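Asks: Have a look at this fold, sequence not included:
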C-alpha cells in the first residue's frame, strides 16, 4: 500500500510537469465527456468535512461509473491537503484548485509510459481481483 502512495506522488509530479494533469470535478467531467480515450488515471480526494457533501458524493458516483465503463483506473485519497502540497495552486490564478478530482491524461506524443502509472495500474488490477474497485491510497509524508 505504501508503494502505491509513493507511485501516486511520483505520477502526479510527473504529469503536472508534462502538462497532463486536469484538476477539478467540473473540469474533469468536461474532459471525460469530450475525450475519454485520452484519460489514463483518475484520483478522487476527500477530507472528513467532504463526507457530508451530497453533491460531491453524487459527482464521485458518476465519475466512478464513467471510469469503470471506460476502463480507467481510479483511486481515492483521504487527504486533500497532502494532494495540494504535491500539486500546488493553480498556475493561472495562484488560487487553490479544486482537487476533489484529478485526471492524468496521455500526451499525444510518443505514447508516454510512466513507471509510476504502470505500478498504479498493477495495484488497481490487484485490488479489483479482491473486489476493491476504488482502492484508497495513503500519500507519503
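Replies: In hand now; what should we look at? This is a predicted model, so every value here is computed, not measured. Numbers count the residues shown, from 1 in each chain.
Asks: Please name the bridge partners of the residue most central in space within the chain.
Replies: Geometric centre of the chain, nearest residue: residue 43, 2.0 Å, by Cα atoms, centre = their mean. Following DSSP bridges, residue 43 is listed with bridge partners residue 75, residue 102.
Asks: From residue 100, how far off is it?
Replies: 9 Å (Cβ to Cβ, to the nearest Å). To be clear about C-beta, it is placed using only N, CA and C from the backbone, and glycine gets the same treatment.
Asks: how near is the closest residue in space to residue 38 that isn't next to it in sequence to residue 11?
Replies: Closest residue in space to residue 38, ignoring its immediate chain neighbours: residue 105 at 4.9 Å, by Cβ to Cβ, 6 or more residues apart in numbering. Distance of residue 105 to residue 11, given as Cβ to Cβ: 12 Å.
Asks: re the thing from before, next, the residue nearest to residue 38: phi, psi?
Replies: phi -110, psi 160 (degrees, to the nearest 10).
Asks: Could you pull up the residues touching it?
Replies: Contact partners of residue 105, counting by Cβ atoms under 8 Å, 6 or more residues apart in numbering, are 15, 20, 21, 22, 31, 35, 38, 39, 40.
Asks: can I assume residue 41 sits in a strand?
Replies: Yes: counting by DSSP: H, G, I helix; E, B strand; the rest coil, residue 41 is located in a strand.
Asks: Please list all residues in contact with the residue nearest to it when sequence neighbours are not counted.
Replies: Closest residue to residue 41 apart from its sequence neighbours, by Cβ to Cβ, 6+ apart: residue 104 at 4.1 Å. Applying Cβ under 8 Å, 6+ apart, we find residue 104 in contact with 11, 12, 15, 20, 21, 39, 40, 41, 42, 43, 117.
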